[in-house]
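**Student:** Attaching a predicted model along with its sequence, questions to come.
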Amino acid sequence: MGVLRFGTVNWELDTIRHHGIDNKYNIDLDVRFFASEDATNVAMMAGDVDIIVADWLWVSRQRTSGEDISFAAYSSSVGALMVRDGSPIKKLADLNGKKIGVAGGPLDKSWLLIQALAKKQALDLPAQNEIVFGAPPLLAEKAEQGELDAILNFWNFCARLEARGFHRLISTSDAARDLGATGAVSAIGFIFREKWARDHPELIEAFLKASRDAKKLLASSDEEWQRLSPVIKAERRELQVLRDRYREGIPRRSVEEEEEDAAKLYAILAELGGERLVGPGKTLAPGTFWRTQ
């Protein structure tokens, strides 16, 4: 499995190993660390690793190009547009003329969904505001230093800000619902080649079961979060917020429900991001979401 060295998926993998859940399902996890998402993607496409964590948009784009990549939901935890407690900004319209930090770049899915929601309110965020793109930790630091009026960041950085005097103006999940989603859509998932999974059905199912068992433990045990505190590098209030936001993101819907909402959001993202984001595909590619047979 290929993961980012400081990615949140490591919390779950640590839980699997510490409690022997891997032994329970007779799997041997060989975890390889990478410095970027692009590096994990390349490693899986090259066959150097079997599983990575990525989003369904990337999977759909690869399938449209002829690759046999599939997505199994991992988490619906998403970023949010954050403002400092006491800020006069109470709604999207209050952002007019403000300085907004955005992690992930101009084609980040969360940023596009927030823009789509703003357009429903006759707001053009890029045109009406100063947008600063940057790395998640750098933008979080700038927000804490008061250099930004609002910040759209990845969920774990938002949770840490929440513990330090910030709150959500609107989350990407809220924006997705306002744009037509019927529930929380898993933003990221376990990604693997469909042929590999079909050739090793017991193995992929064992891994997904191990993931579900770890999530059940993380959903129910506060003690487990205390054990993970050194791995997460958080204590007290920060650890509590990270725990609660992680739990909110545990997938609880059927594959059919996830896929139906993903298709709705894909259409919006394709319109805003164009081929630079989704490639030539006009709709979510069939088979993007993994189904056992």
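**Tutor:** Sure, I can see it. Numbering: from 1, shown residues only.

**Student:** Can you identify each of the strands in the protein by residue range?
**Tutor:** Ranges of strands in the chain, per DSSP state E, are 2-4, 32-34, 52-55, 69-75, 80-84, 99-103, 130-134, 150-153, 166-171, 188-193.

**Student:** Mean neighbour count, those strands: which tops it?
**Tutor:** Of all those, strand 150-153 has the most neighbours on average by mean count of other Cβ atoms under 10 Å, namely a mean of 27. Any C-beta I mention is one placed from the backbone N, CA and C, and that applies to glycine too.

**Student:** same for that one, what does it pack against?
**Tutor:** For strand 150-153, the elements it packs on are strand 80-84, strand 99-103, helix 109-120, helix 136-144, judged by 3 or more Cβ pairs under 8 Å, 6 or more residues apart in numbering; DSSP states H and E.

**Student:** I'd like to know which of these lies nearest to residue 53.
**Tutor:** When the helices and strands packed on strand 150-153 are compared by Cβ to Cβ, helix 109-120 sits nearest residue 53, at 14.8 Å.

**Student:** Not counting the closest one itself, show me its contacts.
**Tutor:** Surrounding helix 109-120, the residues in contact under the criterion Cβ atoms under 8 Å, 6 or more residues apart in numbering are 55, 57, 78-79, 81, 92, 102, 104-105, 124-126, 152, 170, 172, 175-176, 178-179, 187, 265, 268-269, 272-273, 277.

**Student:** and residue 264, how far is that from residue 289?
**Tutor:** 14 Å (Cβ to Cβ, to the nearest Å).

**Student:** go on, residue 71?
**Tutor:** Going from residue 71 to residue 289 by Cβ to Cβ gives 6 Å.

**Student:** quick one: common contacting residues for these two?
**Tutor:** Where contact means Cβ under 8 Å, 6+ apart, the residues bridging residue 71 and residue 289 through contact with each are residue 56.

**Student:** Tell me where the chain has helices.
**Tutor:** 9-18, 21-24, 37-45, 56-64, 109-120, 125-128, 136-144, 155-162, 172-178, 194-199, 201-220, 222-232, 236-248, 255-278 (DSSP state H).

**Student:** CSV for those, including distance to residue 97?
**Tutor:** Conversion of the helices of the chain to CSV gives the following (distance: least, Cβ to Cβ, whole Å):
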stretch, distance to residue 97
helix 9-18, 38
helix 21-24, 51
helix 37-45, 33
helix 56-64, 31
helix 109-120, 14
helix 125-128, 7
helix 136-144, 18
helix 155-162, 22
helix 172-178, 21
helix 194-199, 48
helix 201-220, 41
helix 222-232, 37
helix 236-248, 30
helix 255-278, 22
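
**Student:** To residue 85, which of the ones you listed lies closest?
**Tutor:** helix 155-162 (9.5 Å).

**Student:** pLDDT (mean, whole number) over that closest one?
**Tutor:** The average pLDDT within helix 155-162 is 96.

**Student:** okay, that helix in PDB with CA atoms only?
**Tutor:** Provided in PDB are the C-alpha atoms of helix 155-162 (Å, rounded to 0.1, in the frame of the first residue of the first chain):
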ATOM      1  CA  TRP A 155     -10.300  18.600   6.700                       C
ATOM      2  CA  ASN A 156      -7.500  17.800   9.200                       C
ATOM      3  CA  PHE A 157      -6.000  21.300   9.000                       C
ATOM      4  CA  CYS A 158      -9.500  22.700   9.400                       C
ATOM      5  CA  ALA A 159     -10.000  20.600  12.500                       C
ATOM      6  CA  ARG A 160      -6.700  21.900  14.000                       C
ATOM      7  CA  LEU A 161      -7.800  25.500  13.200                       C
ATOM      8  CA  GLU A 162     -11.200  24.800  14.800                       C
END
